[in-house]
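S.K.: Prediction below, plus the sequence it came from.
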Amino acid sequence: MLRSSILILIFLFSISLSRGADYPQPKLISTQRIWDLGNHNAFTDLVFHEGRWYCVFREGSKHVSPDGSIRVITSEDGENWQSIALITHEIEDLRDAKLIVLPDGRFMLNGAGMQADKEIRYHSFVWFSSDKGKTWTKETPIGDPGFWLWRAQYHKGYIYSMGYRTDRNREERIATFYRSKDGMDYERWIPELNLDKGVGEDTILFLEDDSALCLFRHETGDKMAFLGKANPPYDNWSWTKLNYRIGGPNMIQLPDGNIIAATRLYDKKARTSLSWLDPEKGEMTECLTLPSGGDTSYPGMVWKDGVLWVSYYSSHEEKTCIYLAKVKFE
């Protein structure tokens, strides 16, 4: 009898270790096209602040073009959207805007400017708004020339950002980990990450125990993504190769503790998908493909009132447009 009880306990414990068994089933509630006025609308981010939604993205004549600008749109209900700002540059193609709300209530937007005919093609910029996205400061260069600080995250007094070098071939690209107190002056917290060369876009997620995860796109070798782990003060990262090639990554931790990533996936066909991320196993498990295809992904993610809101772009209908999906988990 005792032996049987022990075997049952071991079996139940082994099940509890299998996080895949704990994953709820995602259900797509709705998908809505929220912006299509530009010829090419892409590379989104999404926040909810003081009763309003804010979505930022690039608007231009095509995927890469000198007229790239950053559009800011807002909505009270997530259904009816209006533009409140268009950030432009005289000579730079502005790309990949990322938006956070600072503790003092200001909006901070970071992105990159590109000049295709220059030796150093990319510069990273930051803008600030004190009136909830209506007006913005002039762009301020951040980081090092040629380094793309892709997504900034605020955590306990510092703004953190990974930056990858763009003035070298992909096989030579290194990544630098930056931190800043004010979002304008960045120090090289780790001058060169202990990570295979060829990395690109990333997202950092700070967990309740103050540890951090970093999901990195990788574009050399087998092109599988990398997942990093670090503890405060985040000056030492360990890396695990994942089982998917990804693009435009973002991730969020749900109230139940599970982590879900939104990325472009390349196997079968290009698409924007949600995947469970298991940091212990170093595995991604695709669980929901959003209506998408072709030129797509680069999502923003917000959890609100039991629903995951995901902004993204896709070219599966007519042209490249901005979409907003709502997902519940059963």
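M.R.: Received the coordinates, thanks.
S.K.: And for stretch 136-147, what's in contact with it?
M.R.: The set of residues that contact stretch 136-147 without belonging to it, under Cβ atoms under 8 Å, 6 or more residues apart in numbering, is 85, 87, 89, 109-110, 113, 120-129, 149, 161, 163-167, 176, 178, 180, 183-186, 188. All C-beta spots, glycine's among them, are computed from the backbone N, C-alpha and C.
S.K.: And stretch 199-213, by the same measure?
M.R.: Applying Cβ under 8 Å, 6+ apart, the set of residues contacting stretch 199-213 from outside is 96, 150-151, 153, 155-156, 160-162, 164, 173-175, 193, 214-219, 226-232, 234, 247-253, 259, 277, 279.
S.K.: In strands only, show me those residues.
M.R.: When DSSP state E defines the strands, the subset of these inside them is 96, 150-151, 153, 155, 160-162, 164, 175, 214-218, 226-230, 247-253, 259, 277.
S.K.: Narrow those residues to just the buried residues.
M.R.: For those, burial is judged from neighbour counts taken by 16 or more other Cβ atoms under 10 Å, and it is met by 96, 150-151, 153, 160-162, 164, 175, 214-218, 226-230, 247-253, 259, 277.
S.K.: Is the nearest residue to residue 29 once chain neighbours are set aside within a helix or a strand, and which one?
M.R.: Once flanking residues are discounted, residue 29 sits nearest to residue 326: 4.2 Å by Cβ to Cβ, 6 or more residues apart in numbering. Secondary-structure assignment from DSSP states H and E places residue 326 in strand 319-329.
S.K.: Tell me which residues of that strand come out buried.
M.R.: Neighbour-count burial for strand 319-329, counted by 16+ other Cβ under 10 Å, picks out 320, 321, 322, 323, 324, 325, 326, 327, 329.
S.K.: what do you get for stretch 167-175?
M.R.: If you call a residue buried by 16+ other Cβ under 10 Å, then stretch 167-175 has these buried ones: 173, 174, 175.
S.K.: what does stretch 72-83 give?
M.R.: Using 16+ other Cβ under 10 Å as the burial criterion, the residues of stretch 72-83 that qualify are 72, 73, 74, 75, 78, 81.
S.K.: First-to-last residue distance for it?
M.R.: From the first residue to the last, stretch 72-83 extends over 6 Å; the measure is Cα to Cα, to the nearest Å.
S.K.: swap in stretch 208-216?
M.R.: Stretch 208-216 has an end-to-end distance of 21 Å (Cα to Cα).
S.K.: Does residue 66 belong to a helix, a strand or coil?
M.R.: coil (DSSP: H, G, I helix; E, B strand; the rest coil).
S.K.: Not counting sequence-adjacent ones, nearest residue to it?
M.R.: residue 93 (5.3 Å).
S.K.: rewinding a little: dump the buried residues of strand 319-329 into JSON lines; add pLDDT as well.
M.R.: What follows is the buried residues of strand 319-329, written out as JSON lines (pLDDT from 0 to 100):
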{"residue": "320", "pLDDT": "97"}
{"residue": "321", "pLDDT": "98"}
{"residue": "322", "pLDDT": "98"}
{"residue": "323", "pLDDT": "98"}
{"residue": "324", "pLDDT": "98"}
{"residue": "325", "pLDDT": "98"}
{"residue": "326", "pLDDT": "98"}
{"residue": "327", "pLDDT": "98"}
{"residue": "329", "pLDDT": "96"}
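S.K.: quick one on the thing from earlier: most widely separated two among the buried residues of stretch 72-83?
M.R.: Pairwise distances among those were taken by Cβ to Cβ; the largest, 15.5 Å, belongs to 72 and 78.
S.K.: Now stretch 100-120: buried residues?
M.R.: 100, 101, 107, 108, 109, 110, 111, 112, 113, 114.
S.K.: Can I get it as PDB, trimmed to CA atoms?
M.R.: Coordinates of the C-alpha atoms in stretch 100-120 are reproduced here as PDB (Å, rounded to 0.1, in the frame of the first residue of the first chain):
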ATOM      1  CA  ILE A 100       6.700  52.700 -22.600                       C
ATOM      2  CA  VAL A 101       5.100  54.800 -19.900                       C
ATOM      3  CA  LEU A 102       7.600  56.100 -17.300                       C
ATOM      4  CA  PRO A 103       6.800  56.400 -13.600                       C
ATOM      5  CA  ASP A 104       6.400  60.100 -13.900                       C
ATOM      6  CA  GLY A 105       3.600  59.600 -16.500                       C
ATOM      7  CA  ARG A 106       5.700  60.700 -19.500                       C
ATOM      8  CA  PHE A 107       5.600  58.500 -22.700                       C
ATOM      9  CA  MET A 108       9.000  57.400 -23.900                       C
ATOM     10  CA  LEU A 109       9.300  56.100 -27.500                       C
ATOM     11  CA  ASN A 110      12.500  54.600 -28.900                       C
ATOM     12  CA  GLY A 111      13.200  53.500 -32.400                       C
ATOM     13  CA  ALA A 112      15.800  53.700 -35.200                       C
ATOM     14  CA  GLY A 113      16.600  56.000 -38.100                       C
ATOM     15  CA  MET A 114      18.000  54.500 -41.300                       C
ATOM     16  CA  GLN A 115      19.900  56.000 -44.200                       C
ATOM     17  CA  ALA A 116      20.500  53.300 -46.800                       C
ATOM     18  CA  ASP A 117      23.400  55.000 -48.600                       C
ATOM     19  CA  LYS A 118      25.600  55.600 -45.500                       C
ATOM     20  CA  GLU A 119      28.400  53.500 -44.100                       C
ATOM     21  CA  ILE A 120      26.700  53.600 -40.700                       C
END
